[in-house]
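A.B. asks: The amino acid sequence is not available; the structure is as follows:
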């Protein structure tokens, strides 16, 4: 970890009044304001003009995960409301869990847990019934066994019927019908996230047409965003913070295409922190392949910093990852990352980021600071002084490295 152990979260705080947190998106998602931080200059525009502010030769990397109805609201006979927030399957892989019939077990957060000592919770929608049973507690989470009727429904169908859109905790209202569309990117494809990759919410087909016209390329990966993205940093020294784990899936074709973009000296601009975290993790997984590490599909919190002096090129690392995939004759790499990106980190693939404004004292703000340094303070001060809208349903930023 070296110098990174001395990073104090107090240095990444800023005042964010509640009224600056966007509670609803704009009617036209690509009409959000865009703050641009490039070559020490801060400027602004509207998001639908983003193509003209991107590097001439650039490739955008999108996360095509799809938000699931992760919030389940049960009302006991006593009238108490119990909220279950589905985090991840308890004993199987995500896509397998979605296809389970009759019953399954998930790790969940339980709201108002003190009101639920024991017994089955029941939720009825039409002729369909969902039951929830508390099995055991693991730390802050609970293992919940779900069962349902009709039993031939898949679990992904069950939560779409009974669940609600999992709006972030700082949006102080209940989910509404409109959130079904607005809290989902227009290119969402693979079920699995409990939070939207919100930088992607600004994109529309019109913006994509502009990008195509300007010969800006697009690549897609899948990282399922976990509730840990909202986990506050409670330790003042970042070395004591435990980073959450997230699972990603990338095709061999994606890694091969990314390699070609880098060989052609195109700027790689991830859309959102999840895309950035994934492509930087891929680099380090490639390094682990070069080092012949046995656990080359998992990147731990500080591993990247242990290897940083090795200085392999992105081309060498990605080629090693492709070679490893070919050994197993598979077309997809399924991996996990706990990587934390903090100031001092040397980016290996990303040349910038398209992202929303992030909460004070958050790991996402640390990531932005790692990319653009102390300029994050100027950018956020400009946004606050000029009435930008913050967080998931708020405005957008384009931050480019020098």
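C.D. replies: Nice, thanks for sending it over. Everything quoted here is computed from the prediction, not taken from an experiment.
A.B. asks: Would you state the strands of the stretch 1-150 of the chain in chain order?
C.D. replies: Using DSSP state E, counting those that start in this stretch, the strands of the stretch 1-150 of the chain run over 33-38, 41-46, 58-63, 65-67, 71-75, 81-89, 103-111, 121-125, 128-138, 141-149.
A.B. asks: do you know which of those lies nearest residue 356?
C.D. replies: Of all these, it is strand 33-38 that lies closest to residue 356, at 10.2 Å by CB to CB. In this view, the C-beta of every residue, glycine as well, is placed from N, C-alpha and C.
A.B. asks: and that closest one, what does it pack onto?
C.D. replies: The helices and strands touching strand 33-38, judged by 3 or more CB pairs under 8 Å, 6 or more residues apart in numbering; DSSP states H and E, are strand 41-46, helix 375-385, strand 396-400.
A.B. asks: Write down the beta-bridge partners of residue 134, one by one.
C.D. replies: On the basis of DSSP bridges, residue 134 is bridged to residue 144.
A.B. asks: which ones are touching it?
C.D. replies: Taking CB atoms under 8 Å, 6 or more residues apart in numbering as the contact definition, residue 134 lies against 110, 116, 118, 142, 143, 144.
A.B. asks: Which residue, other than its chain neighbours, is closest to the third one?
C.D. replies: In space, residue 118 comes closest to residue 134 once its chain neighbours are excluded; the distance is 7.0 Å by CB to CB, 6 or more residues apart in numbering.
A.B. asks: Also residue 394?
C.D. replies: For residue 394, the closest residue by CB to CB, 6+ apart turns out to be residue 22, at 4.1 Å.
A.B. asks: ditto for residue 304
C.D. replies: residue 284 (4.7 Å).
A.B. asks: on that earlier part again, ok, of the contacts of residue 134, which one's closest to residue 242?
C.D. replies: Nearest to residue 242, judged by CB to CB, of the contacts of residue 134 is residue 142 at 19.0 Å.
A.B. asks: what residues are up against that closest one?
C.D. replies: Neighbouring residues of residue 142 by CB under 8 Å, 6+ apart: 107, 108, 109, 110, 113, 134, 135, 136.
A.B. asks: top of the residues you listed by neighbour count?
C.D. replies: Neighbour counts for the contacts of residue 142 (other CB atoms under 10 Å) peak at residue 108, which has 23 neighbours.
A.B. asks: That residue is in contact with residue 82, isn't it?
C.D. replies: No - Residue 108 is not in contact with residue 82 according to CB atoms under 8 Å; the separation is 10.5 Å.
A.B. asks: Save the strands of the stretch 1-150 of the chain as TSV, and put in mean pLDDT and distance to residue 203 too.
C.D. replies: Output for these, formatted as TSV (pLDDT from 0 to 100; distance: least, CB to CB, whole Å):
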stretch	mean pLDDT	distance to residue 203
strand 33-38	97	12
strand 41-46	97	13
strand 58-63	98	8
strand 65-67	96	14
strand 71-75	95	25
strand 81-89	94	27
strand 103-111	95	30
strand 121-125	96	32
strand 128-138	96	34
strand 141-149	97	33
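A.B. asks: so where do the helices sit in the chain?
C.D. replies: All helices of the chain, identified by DSSP state H, fall at 94-98, 155-162, 179-182, 205-213, 252-263, 273-290, 303-307, 314-327, 363-372, 375-385.
A.B. asks: give me the number of residues near the residue lying closest to residue 321 once chain neighbours are set aside?
C.D. replies: In this structure, residue 321 finds its nearest non-sequential neighbour in residue 286, 4.0 Å apart by CB to CB, 6+ apart. Neighbourhood size, residue 286 [other CB under 10 Å]: 27.
A.B. asks: how about residue 286, what does it touch?
C.D. replies: Contact partners of residue 286, counting by CB under 8 Å, 6+ apart, are 312, 316, 317, 318, 319, 320, 321, 324.
A.B. asks: Just the pLDDT at the first one, thanks.
C.D. replies: Here, the pLDDT recorded for residue 312 equals 96.
A.B. asks: Please determine how far it is located from residue 345.
C.D. replies: 16 Å (CB to CB, to the nearest Å).
A.B. asks: do the same with the second one
C.D. replies: Distance, residue 316 to residue 345, by CB to CB: 19 Å.
A.B. asks: Let me see the domain layout of the chain.
C.D. replies: As given by automatic domain parsing, the domain ranges for the chain are 2-67+184-400, 71-163.
A.B. asks: number of nearby residues for the nearest residue to residue 298 once chain neighbours are set aside?
C.D. replies: In space, and not counting its chain neighbours, residue 298 is closest to residue 336: 5.1 Å by CB to CB, 6+ apart. Look at residue 336: counted by other CB under 10 Å, it has 15 neighbours.
A.B. asks: partners of residue 336 in the sheet?
C.D. replies: Beta-bridge partners for residue 336, by DSSP bridges, are residue 247, residue 298.
A.B. asks: isn't it right up against residue 244?
C.D. replies: No - Residue 336 lies out of contact with residue 244 (CB under 8 Å); the separation is 10.6 Å.
A.B. asks: picking up where we left off before, next, the contact list for the residue nearest to residue 304, please.
C.D. replies: Taking CB under 8 Å, 6+ apart, we find residue 284 in contact with 299, 303, 304, 307, 317, 339, 348.
A.B. asks: again with residue 48
C.D. replies: 30, 31, 204, 206, 207, 210.
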